[in-house]
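1. I need the structure of the sequence given here:
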Amino acid sequence: MHTLLIEGHVKPGKKSEFITVWNREILPTLKKQPGFVDEILLFSISEPEAGAGISLFKTREDAERYYREVFPRSTSQVQHLMTGPPTVRQFNVEASETFRIAAKAAA
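-> Sure, this is the predicted structure:
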């Protein structure tokens, strides 16, 4: 398995709008990609504008295809909400445990 770690910062006050676009546009597109396994969207507690996405794919080739062919369009959908372009790093998944993680609304 292979993962893309995508990190960036949203503009102050734009986190909610970013998450809406992510849920409505980016995640459905990701789910249609060959080899897509899962996606986790994270935001920092200490720095609420700092976010990260962990995109898991079956193979490195699947991840690279997404990054090359689809990621630029996905990024363009949220670039107006971000302070700059996201950074992307690739990792091989050496070990994992399957969890069923569901986001809970903040209290």
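
2. list phi and psi for Ile54.
-> phi -110, psi 110 (degrees, to the nearest 10).

3. got the contact list for it?
-> Shown in contact with Ile54 (Cβ atoms under 8 Å, 6 or more residues apart in numbering): 3-6, 39-40, 42. (Glycine included, C-beta is placed from N, CA and C.)

4. same question for Ser74.
-> 25-26, 29-30.

5. host element of it?
-> According to DSSP states H and E, Ser74 maps onto helix 71-78.

6. list the buried residues of the longest helix belonging to the chain.
-> Using DSSP state H to define each element, the chain has its longest helix at helix 60-69. Neighbour-count burial for helix 60-69, with 16 or more other Cβ atoms under 10 Å as criterion, is recorded at 62-63, 65-67.

7. quick revisit: the next helix-or-strand element following the helix holding Ser74 to helix 71-78, inter-axis angle?
-> Counting by DSSP H and E, the next helix or strand C-terminal to helix 71-78 is strand 87-92. Strand 87-92 runs at 140 degrees relative to helix 71-78, counting by axes from the mean of the first three to the mean of the last three Cα atoms, to 10 degrees.

8. check which helices and strands strand 87-92 sits against.
-> strand 2-9, helix 60-69 (3 or more Cβ pairs under 8 Å, 6 or more residues apart in numbering; DSSP states H and E).

9. wait, Pro85 touches Pro72, no?
-> No: if you go by Cβ atoms under 8 Å, Pro85 and Pro72 don't touch, sitting 10.2 Å apart.

10. give the pairing partners of the helix or strand harbouring Ser55; include direction for each.
-> Assigned by DSSP H and E, Ser55 belongs to strand 50-57. Using DSSP bridges, strand 50-57 pairs in its sheet with strand 2-9 (antiparallel), strand 36-43 (antiparallel).
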